[in-house]
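Chemist: Model the following, please.
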Amino acid sequence: MIQRVGLIVHTDKPDALRFTREAVEWLQERGLQVNIEADIARALGMPEYQCDEAALCESDLLLAVGGDGTILRASRLAAPREIPILGVHLGRFGFIAQIKPQDLHTAIARVQAGDFTIEKRLMVRAVAYRNGEPICDALALNDVVVTKGAVARMITLQTFVNDTFLATYSADGLVVATPTGSTAYSLSAGGAIVDPACEVLLLTPICAHTLSARPLILPAEKQVKVAVTADDGDFQLQADGGETVRLRSGDAVHVFRAQERTHLIVFDPDEFYTKLRDRLLWGERVNV
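Modeler: From the prediction side, this is the model:
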């Protein structure tokens, strides 16, 4: 039973703020308790709904209002606590978000009636080590990316699957993606598109300096280990495009299946294929 609804909002989108004000009033009229992050509540001019992270984590449902990036931010909060997320799409592309703003009333009614399913999406954890000691531990729904820094030089990535050496890539970087993230950076780098229901990891080199370097799909039980060197020592790690972790030559990054999963509310389990057709214009005639 849904009684408490938490909101994660992309405050840089004016449409998101307008929609959220209306949504809060509508939810409140239906007797639902609404919790909003303090800075978002202030931006909305609704300080009476502000709460701390602990209260937000007690929500029965998180509404992520914005684009897929907003859902990625919500997943880091929700996944460890198995809070279901309903994504409201206000972005430009949007493969993860389920509904459009005009569908919110119907969607909430279906959730309250139990007319939905939960997709438990695979997540990955990345731990970076320096001299054998962990310096970073990050959780990701989409991907973990190791890339060069500001200087336009390739980096060298010694890559292992479990403890077996796979290859040394000279490249701009490497993406380790989940099926959910297969339509994000990995796709731009030439990786495959994978149904989110699959239990696999995707290994996609970025601009590799060899024609033999190809994307690879691995069972989710495998662990990817990457040891990186760079002439100028400038490269970095990001999980889901979040905070940048500066690395040094000789640091190693281990990426593996996380115990946590993101719980997404879905109404049509096969909508992923509709999104592929609509977002990527599959089957459309191109006029030139």
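Chemist: pLDDT score assigned to Val228?
Modeler: Note on Val228: pLDDT of 90.
Chemist: Give me the sheet partners of the one helix or strand it maps to and which way each runs.
Modeler: Using DSSP states H and E, Val228 falls within strand 224-229. When pairs are called by DSSP bridges, strand 224-229 turns out to pair with strand 155-161 (antiparallel), strand 252-266 (antiparallel).
Chemist: In the stretch 151-288 of the chain, mark out all the strands, start to finish.
Modeler: Under the criterion DSSP state E, counting those that start in this stretch, the stretch 151-288 of the chain contains strands at 155-161, 164-171, 173-177, 200-206, 216-219, 224-229, 235-239, 245-247, 252-266.
Chemist: Nearest to Gly6, out of these?
Modeler: When the strands of the stretch 151-288 of the chain are compared by Cβ to Cβ, strand 252-266 sits nearest Gly6, at 13.5 Å. Glycine gets a C-beta too; all of them are placed from N, C-alpha and C.
Chemist: Can you report phi and psi for Thr20?
Modeler: phi -60, psi -40 (degrees, to the nearest 10).
Chemist: surely it meets Ala43?
Modeler: No. If you go by Cβ atoms under 8 Å, Thr20 and Ala43 don't touch, sitting 9.2 Å apart.
Chemist: okay, the two: which has more neighbours?
Modeler: Thr20 (30 against 16; other Cβ atoms under 10 Å).
Chemist: who are the neighbours in contact with the more buried one?
Modeler: 7, 9, 36, 40, 44, 65 (Cβ atoms under 8 Å, 6 or more residues apart in numbering).
Chemist: Over to Arg4?
Modeler: 32-35, 58-61.
Chemist: and the nearest residue to His10 once chain neighbours are set aside, bridged to which residues?
Modeler: The shortest distance from His10 to any non-neighbouring residue, by Cβ to Cβ, 6 or more residues apart in numbering, is to Gly66 (2.8 Å). Note on Gly66: beta-bridge partners His89, judged by DSSP bridges.
Chemist: What ranges does the stretch 51-200 of the chain have for its helices?
Modeler: Assigned by DSSP state H, counting those that start in this stretch, the helices in the stretch 51-200 of the chain fall at 53-56, 68-78, 104-113, 185-188.
Chemist: so can I have JSON lines of those showing distance to Val161, mean pLDDT and mean neighbour count?
Modeler: JSON lines is the format used below for the helices of the stretch 51-200 of the chain (distance: least, Cβ to Cβ, whole Å; pLDDT from 0 to 100; neighbours: other Cβ atoms under 10 Å):
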{"stretch": "helix 53-56", "distance to Val161": "36", "mean pLDDT": "89", "mean neighbour count": "14"}
{"stretch": "helix 68-78", "distance to Val161": "26", "mean pLDDT": "93", "mean neighbour count": "24"}
{"stretch": "helix 104-113", "distance to Val161": "40", "mean pLDDT": "93", "mean neighbour count": "15"}
{"stretch": "helix 185-188", "distance to Val161": "17", "mean pLDDT": "95", "mean neighbour count": "20"}
